[in-house]
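K.L.:
next input, structure requested:
(2 chains)
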Amino acid sequence: MRTRLVVIGNGMAGARTVEEILARGGDFDITMFGDEPYGNYNRIMLSNVLAGVEDESGIFLNDLSWYADNGITLHTGTRIERIDRFAKRVYAEDGTETPYDKLIIATGSRAFVPPIPGIHRPGRGYHQGVFAFRTLDDTRAMIRYAREHQRAVVIGGGLLGLEAARGLQNHLPHVTLIHAAGHLMNAQLNEVAGETLRATIEAKLGIEVVVDGRTTEILGKNAVTGVKLDDGRIIPCDVVVVAAGIRANAEMAAASGLAVERGIVVDDQMRCLDEDDIYAVGECAQHRGEVYGLVAPLWDQAKVLADHLTGVNPFAEYHGSQVATKLKVAGVDVAAMGLKAPEHEDDESLTFTEPKKGIYKNVIIRDGRLVGATMVGDVKKVAFLMQAFDRGLALPEERAELMFDLGGPAGEVKVDEMADDEQVCNCNGVSKGAICGVVQGGCKTVTGVMDKTRAGKGCGTCKPLVQRIVEWAAGGEVEEDPAASYYVPGIPMPKPELIEAIRLHSLKSVSSVFAKLGGEEDAKSKMGLASLLKMMWGGEYVDERDARFINDRVHANIQRDGTFSVVPQMKGGVTTPAQLRRIAEVAEKHEVPMVKLTGGQRIDLLGIPKEKLPEVWADLDMPSGYAYGKSFRTVKTCVGSDFCRFGVGDSTALGIALEERYQGIEGPGKMKLAVTGCPRNCAEAYVKDLGVVAIDGGKWEIYVGGAAGAHIRKGDLLTTVETPEEVITLTGRFLQYYRENANWLERTYAFVPRIGIERVREIVVDDADGIASSLDAAMDASVAAYRDPWKDREQPATPGQFRTSLPLTVLPQVPVRA
Amino acid sequence: MRAIGYADEIPPGEGRTFAVDGEMVAVFRLRDGSFRATQAVCPHKGGPLADGQIDLKQVLCPLHLNAWDLTTGCSLSGQPDLTVYPVGVADGKILLGDLS
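P.N.:
Take a look at the predicted model:
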């Protein structure tokens, strides 16, 4: 016989738990009891029904057919009066009894109605004109009554009270809100935030708010005429709505002998105390002393209970929920999580207020982690804050970034306001709808979605937006991808761990790394491993050509038509007539389709077929400019002091010296440098991976972590030095530190802020860690191992190294300019 | 099956393009010693697949890093699938079969 599962309560908690059980393939004979006469509806949406923005039909989660389709026996309008824990039966009001093997209590909560004189009329229930705000029936009655009356008082200035006040405004002209505490939403907000909310609600919505107001009496004999406060004030009204909090529906459980405090006491598996087969979830349950009144913890509890009951994970445990809420309270955006105010002396607390706009922001940081945040009126940063709060993420150095978007594109796009067909990834043409589709298809990791759609796989600038869309589409159920911290996807280790393992096992080839650490080889990981091994082992590295990307196999940059571009070295962007003549002759001889000046002050010969590369190099007889690798590229310079009348330092000479020394050094990403002869910055040194600026007095400033590609960032000033020799040494040391510590494809503009410029300076300039000499030695070894790859042209490195891979008819044709 | 070239024309872990009856076929030599053959031209933007990086399962087009299963030709990144050919080696020669 199938296990008989009985669920008392057909609200959001009961139905969600059953949904989760069905989703796990749970095989139960399910019977549900609900005391309301409906299927299951979204209680949170009642305020929308009251406000008239949602139809009653729109709030139903599961209609009656859902129960039938899933073989669930549903008894609506049936209240359970008693559980016999020993006979394992439940007894309904109507006298029927139902046996169970497993029992879930999900009776939820009810409105708490304080014992105010006049609130009840003997024999009639509530005084006419007095309403609680809890069920669909309450809402219907309230709307009906309010329409025919003029003035409403809402008792309770929490979330529910505010929603009720806002909703009532649609049905009658005057609404007053009376709150017993000193400020609104005192459970979630601190005083200043609550005060900001009050000001906005009064000014914008015209709801009158009374705080510190204790209602002592409901006035009126037959119909309500007003309420009286403890300071003697009388507020005239003809409708009273009570929204003074909720109480768990636990009396039936208590009467049946279960342990009940503020709610039904449960353990980490949602099991009632000392009971083997009785569980409780949702607002009626008390877990580790907490009774939750929000929906998110309820979802968590339902999952744990379903995991446990179905045997998917019999040991699943619920450890409580960090309560973070983001709501539109009466039309005002409010978000709150964690602490309302600092608790310890060394808690960092940052506050921003702009009363005129009704904006209040506060974040509380303890030991570098976010422990509380409150936002009123402007919740743009809340997605990031919730993540940081939930997962304990590291926080930005610039703490103001927690509250504002600094330096990023102005005005962050709101995901929920984006149209489905709006293009998110402009490199690969991926729309918001396509991303959401993949998420709905069950892929809930950011990297998984990126793999499937290719969104964010071009220049990468849209990655943060892709992440936000995935989070939005997954409704806060984003799964963390452990691979996000790996150096390469195929080896499950972050870079430092990987380096240690490679050293330990003396792994000198890419295939040996896979064999020892990864299991199977992975095409997407080969290039990153090749770069790392070359950096670590230098001359001892066992070069396997298949680990190289095509550009590194043939020392040229592949173009869209499968031909290659050839960029000879032109140190510091300085050339000679003889060099130019040679390039011109080669271009003519080989009928090069395009000759172009590059952004790095060099000359690019484009459209060279692979099989002609060695011949072109031989005719040029110039060293490679490395315009194809994840490596040191070029040093851009200005004319400096030789000719420029403003120049204060010899930037060309220093640029040439830097390029001569560090040419061809490979790394986790491209390294583009510049030296400029004065702060006018003609060589754009402020936006390079490493930029050097000559300043008056014969000194040189060194900037690191700049970028002016898809991402634009001014570099951070590393230090100012007196001599070109120091520039050369510190450049080598910084680049070596970057090579050893940056993740694969992590450019300096991400690396430097990740480490922090102060820390980079400590290591590279001040040698606080005592590793400067080893960094210098490692760089020296790499420099010594340099060999111009274009010299290796007589004998191919592998059979068919330069053999064409192009189709017989060239596709697609790149138009040749005359 | 017919011979289209020699196995040692392809270094381990790489691919090379062969012309067969006016068609271009990319042949790959996997690091486990087995061979795979697919159409030579990437269906996305015409990239030369033989220049792509491979492992025992997939080939990545060098132009935009789209991925395909080398054995089935199925796209792993939302592109049209590749035509795959039966391929084997005998006496050091690469033998290509007809499409079934």
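
K.L.:
now the strands for chain B?
P.N.:
Remark: strands assigned in chain B by DSSP state E are B:2-6, B:15-20, B:23-29, B:35-39, B:53-54, B:58-60, B:67-69, B:84-85, B:87-90, B:93-96.

K.L.:
and the pLDDT at the residue in chain B that chain A sits nearest to?
P.N.:
Residue of chain B nearest chain A, by Cβ to the nearest Cβ: residue B:13 (2.7 Å). No exception for glycine: its C-beta is placed from N, CA and C like everyone else's. Per-residue pLDDT puts residue B:13 at 95.

K.L.:
number of residues surrounding it?
P.N.:
Residues lying near residue B:13 (other Cβ atoms under 10 Å in any protein chain shown) number 25.

K.L.:
just residue A:728 next, same as before
P.N.:
Look at residue A:728: counted by other Cβ under 10 Å, it has 18 neighbours.

K.L.:
from chain B, how far out is it?
P.N.:
According to Cβ to the nearest Cβ, to the nearest Å, residue A:728 and chain B sit 35 Å apart.

K.L.:
I'd say that residue and residue A:661 touch.
P.N.:
Yes: applying Cβ atoms under 8 Å, one finds residue A:728 in contact with residue A:661, separated by 6.3 Å.

K.L.:
residues in contact with residue 37?
P.N.:
In the absence of a named chain, chain A is used. Taking Cβ atoms under 8 Å, 6 or more residues apart in numbering or on different chains, we find residue A:37 in contact with A:76, A:77.

K.L.:
not what I meant, chain B
P.N.:
With Cβ under 8 Å, 6+ apart, residue B:37 has these contacts: B:25, B:26, B:27, B:28, B:84, B:85, B:86, B:87, B:96.

K.L.:
the last one is in contact with residue B:19, isn't it?
P.N.:
No: counting by Cβ under 8 Å, residue B:96 sits too far from residue B:19 to count as a contact (11.3 Å).

K.L.:
how about the residues of chain A by chain B?
P.N.:
A:428, A:451-454, A:457, A:511, A:520-524, A:526-527, A:544-547, A:549-550, A:553, A:558, A:560-562, A:610, A:798-800, A:803-808, A:811-812 (Cβ under 8 Å from any Cβ of the partner chain).

K.L.:
flag the shaky bits of chain A, pLDDT-wise.
P.N.:
A:123-124, A:330, A:406-414, A:476-477, A:806-818 (pLDDT under 70).

K.L.:
got the domain ranges for it?
P.N.:
Here the domain parsing of chain A from automatic domain parsing is A:3-109+A:248-310, A:120-244, A:339-402, A:415-485, A:495-548, A:549-624+A:788-812, A:630-787.

K.L.:
indicate the residue of chain A located nearest to chain B.
P.N.:
Of all residues in chain A, residue A:546 sits closest to chain B, at 2.7 Å by Cβ to the nearest Cβ.

K.L.:
for the residue nearest to that residue when sequence neighbours are not counted, give me its contacts.
P.N.:
Distance criterion Cβ to Cβ, 6 or more residues apart in numbering or on different chains; nearest residue to residue A:546, sequence neighbours excluded, is residue B:13 at 2.7 Å. Applying Cβ under 8 Å, 6+ apart to residue B:13 gives the contacts A:511, A:544, A:545, A:546, A:547, B:29, B:30, B:31, B:54.

K.L.:
my guess is residue A:288 contacts residue A:320. True?
P.N.:
Yes: Residue A:288 is within contact range of residue A:320, at 5.4 Å (criterion: Cβ under 8 Å).

K.L.:
settle it for me: which of these two has more neighbours?
P.N.:
Set residue A:288 next to residue A:320 and count neighbours by other Cβ under 10 Å: residue A:320 wins out with 14 against 11.

K.L.:
what's the overlap in contacts for residue B:96 and residue B:19?
P.N.:
residue B:25.

K.L.:
neighbour count: those two, which is higher?
P.N.:
Neighbour count, other Cβ under 10 Å: between residue B:96 and residue B:19, residue B:96 has more, with 20 against 14.

K.L.:
so what's the more buried one closest to, chain neighbours aside?
P.N.:
residue B:4 (4.9 Å).

K.L.:
same thing with residue A:67?
P.N.:
residue A:74 (4.3 Å).

K.L.:
could you do residue A:539 as well?
P.N.:
Spatially, and ignoring its direct neighbours in sequence, residue A:539 is nearest to residue A:785 (5.1 Å; Cβ to Cβ, 6+ apart).

K.L.:
what's the answer for residue A:173, then?
P.N.:
Per Cβ to Cβ, 6+ apart, closest to residue A:173 is residue A:150, 6.2 Å.

K.L.:
over to residue A:691?
P.N.:
Nearest to residue A:691 is residue A:685, by Cβ to Cβ, 6+ apart, at 3.0 Å.

K.L.:
neighbours around the one you found, how many?
P.N.:
Other residues close to residue A:685 by other Cβ under 10 Å number 29.

K.L.:
pretty sure it contacts residue A:694?
P.N.:
No: between residue A:685 and residue A:694 there is no contact under Cβ under 8 Å: 9.3 Å.

K.L.:
now the common contact residues for the two.
P.N.:
By Cβ under 8 Å, 6+ apart, the residues touching both residue A:685 and residue A:694 are A:675, A:676.

K.L.:
which residues sit in contact with residue A:157?
P.N.:
Residue A:157 touches A:177, A:178, A:179, A:180, A:181, A:184, A:185, A:186, A:209, A:211, counting by Cβ under 8 Å, 6+ apart.

K.L.:
which of those lies closest to residue A:748?
P.N.:
Using Cβ to Cβ, residue A:185 comes nearest to residue A:748 of the contacts of residue A:157, at 45.1 Å.

K.L.:
gap between that closest one and residue A:161?
P.N.:
Distance of residue A:185 to residue A:161, given as Cβ to Cβ, to the nearest Å: 9 Å.

K.L.:
what residues does the helix or strand harbouring residue A:247 touch?
P.N.:
Secondary structure from DSSP states H and E places residue A:247 in strand A:246-248. The contact list for strand A:246-248 (Cβ under 8 Å, 6+ apart) reads A:107-112, A:134, A:160, A:262-264, A:283-286, A:291, A:293.

K.L.:
ok, stretch A:621-634 next?
P.N.:
A:527, A:531, A:551-552, A:555-558, A:565, A:567-570, A:573, A:579, A:582, A:598, A:600-602, A:604, A:617, A:659, A:662-673, A:735, A:745, A:788-790.

K.L.:
inside helices: which ones of these?
P.N.:
Members of the contacts of stretch A:621-634 lying in helices (criterion: DSSP state H): A:527, A:531, A:551, A:552, A:579, A:582, A:617, A:659, A:662, A:735.

K.L.:
what residues are up against the closest residue to residue A:510 other than its chain neighbours?
P.N.:
Of all residues not flanking residue A:510 in the chain, residue A:547 sits nearest, at 3.9 Å (Cβ to Cβ, 6+ apart). Applying Cβ under 8 Å, 6+ apart, we find residue A:547 in contact with A:509, A:510, A:511, A:526, A:527, A:529, A:530, B:13, B:53.

K.L.:
coming back round to it: so how do I select the buried members of the residues of chain A next to chain B in PyMOL?
P.N.:
Burial among the residues of chain A next to chain B is assessed by 16 or more other Cβ atoms under 10 Å in any protein chain shown; the matching PyMOL selection reads:
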select buried, chain A and resi 428+451+452+453+454+457+511+521+522+523+524+526+527+544+546+547+549+550+553+558+561+562+610+798+800+803+804+805+806+807+811
